[in-house]
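S.K.: Please work out how this folds:
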Amino acid sequence: MDETSNELMQHVKEIQADAQVIWGSEDLILDVSGAEYLQEHVATCKRMDIMENFGHVIPFQRPSTMVELILEFRGESDKKKRFLIM
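M.R.: Numbers count the residues shown, from 1 in each chain. I've put the predicted structure just below:
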């Protein structure tokens, strides 16, 4: 791991808000093992989603899936449906 990554990883223990990790299984920039690290070291990690066949840019590859996962995590998945109907 490079110096910047080491520094970032040291700070994950400071995260206090409920957290969700969303990671692409085919991420070529950050290995998927980073998701497991975050799940283990962020005490408030409540959910981890590994997206099969996705890379580093899930919000651009499948934005609706990303929104759905976030809304489910927040307990607001019904808001997406109302938004799309309007």
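S.K.: top helix in the protein by residue count?
M.R.: helix 63-74 (DSSP state H).
S.K.: pLDDT on it, on average?
M.R.: Regarding helix 63-74, the rounded mean pLDDT is 92.
S.K.: Off-centre distance for it?
M.R.: 10 Å (Cα atoms, centre = their mean, to the nearest Å).
S.K.: Show me what counts as buried in that helix.
M.R.: Residues of helix 63-74 classed as buried: Met66, Leu69, Ile70, Leu71, Phe73 (neighbour count, 16 or more other Cβ atoms under 10 Å). Backbone N, C-alpha and C define where each C-beta goes, glycine included.
S.K.: repeat for stretch 19-35
M.R.: Ala19, Gln20, Val21, Ile22, Trp23, Gly24, Asp27, Gly34, Ala35.
S.K.: Contacts for the longest helix of the chain, please.
M.R.: Helix 63-74 is contacted from outside by Gln20, Ile22, Lys46, Arg47, Asp49, Met51, Ile58, Pro59, Ser77, Lys79, Lys80, using Cβ atoms under 8 Å, 6 or more residues apart in numbering.
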